[in-house]
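> how would this look folded up:
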Amino acid sequence: MNNNQATINKMSDMRLRGMAQAFRTLQETGRNMELTTDEVISFLVDAEWDEKHNRRLARLIRAARFRYQAALEDIDYTLERNLDKNQILRLADCSWIERGQDLLITGPTGGGKSFIGSAFGHQACQYGHTVAYYSASRLFHEIEAAKTDGSYLKHLSRIMKNKLLIIDDFGLEPLNHTARMAFLEILEDRHRRKSTMVISQQPVENWHGIVGDLK
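Next up, the predicted model:
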């Protein structure tokens, strides 16, 4: 076994997969002869960083369970749906998530709200944030089931740990007592600490009727 192959094997054993592949590519293409030592090191480190970033990004996206594979760059502003492109671009750096701020997306059916919410979620993953995407019906159904089997606190803790929680299709039906109390507990616990995005076809002024009486 030559020294280069031994080096590649050691990189693989240390789980430096990006670096190993980059080093193999340099040997196969002969580019290593064109680069200085500093450039080779930089090339290998960049390749390893990219590989780890992409693997983490894939894990975050898979765990989030988005409704759509979407990106902010894919949003169509030519449609008549009253989108503020400047506002969306200002939110694209995800600094609002760093500050623990919340985001509400409302509008009529067919306006692409879920796509936009998914796009913001993917953007958050790009910045390394953990994200959970739920339809309101799935979220509250799981909470009801957790109440029944005694895993409520554990389930709630799993929801809370995400840097961004997206609740889609909120307000399609009124909340029952269990859903109401869980929803309020989630919002209270996350307030100014972690971000929550709520997507609804109902305007905010109708939410009191959806959430219902707190008594």
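> longest helix in the chain, please.
helix 37-64 (DSSP state H).
> what about that one, average pLDDT?
The predicted model assigns helix 37-64 a mean pLDDT of 91.
> equivalent analysis for stretch 117-137, please.
On average, stretch 117-137 scores 97.
> just use 722 as the starting number from now, easier for me
Renumbered: residue one is now 722, and that last one reads stretch 838-858.
> residues contacting that stretch, please?
Residues from elsewhere that reach stretch 838-858 (Cβ atoms under 8 Å, 6 or more residues apart in numbering): 777-778, 781-782, 784-793, 795-796, 812-815, 818, 824, 826, 863, 880, 882-894, 918, 920. Where you see a C-beta, it was placed from the backbone N, CA and C, and this is true even at glycine.
> for this protein, what are the low-confidence residue spans?
722-723, 934-936 (pLDDT under 70).
> rerun at 80
722-724, 751-755, 800-803, 933-936 (pLDDT under 80).
> the strands in it, which residues?
For the chain, the strands defined by DSSP state E cover 824-827, 852-856, 885-889, 916-921.
> just list what the shortest one packs against, helices and strands only.
When you say that, I think you mean strand 824-827. helix 834-847, strand 916-921 (3 or more Cβ pairs under 8 Å, 6 or more residues apart in numbering; DSSP states H and E).
> kindly report the same for the third one.
Contacts defined by 3+ Cβ pairs under 8 Å, 6+ apart place strand 885-889 against helix 834-847, strand 852-856, helix 857-870, strand 916-921.
> what does it rub up against?
788, 818, 834-835, 838-839, 841-842, 845, 850-857, 860, 880, 907, 911, 915-920.
> list the strands paired with it, with their directions.
Under the criterion DSSP bridges, strand 885-889 sits next to strand 852-856 (parallel), strand 916-921 (parallel) in its sheet.
> that older thread, of the contacts of stretch 838-858, keep whichever come out buried.
Buried members of these, scored by 16 or more other Cβ atoms under 10 Å, are 781-782, 785, 787-789, 791, 796, 812, 815, 818, 824, 826, 863, 880, 883-892, 918, 920.
> ok, the nearest residue to Ala857 once chain neighbours are set aside to Gln922 distance?
Excluding the flanking residues, the one nearest Ala857 by Cβ to Cβ, 6 or more residues apart in numbering is Phe891, at 4.5 Å. Using Cβ to Cβ, to the nearest Å, Phe891 is found at 9 Å from Gln922.
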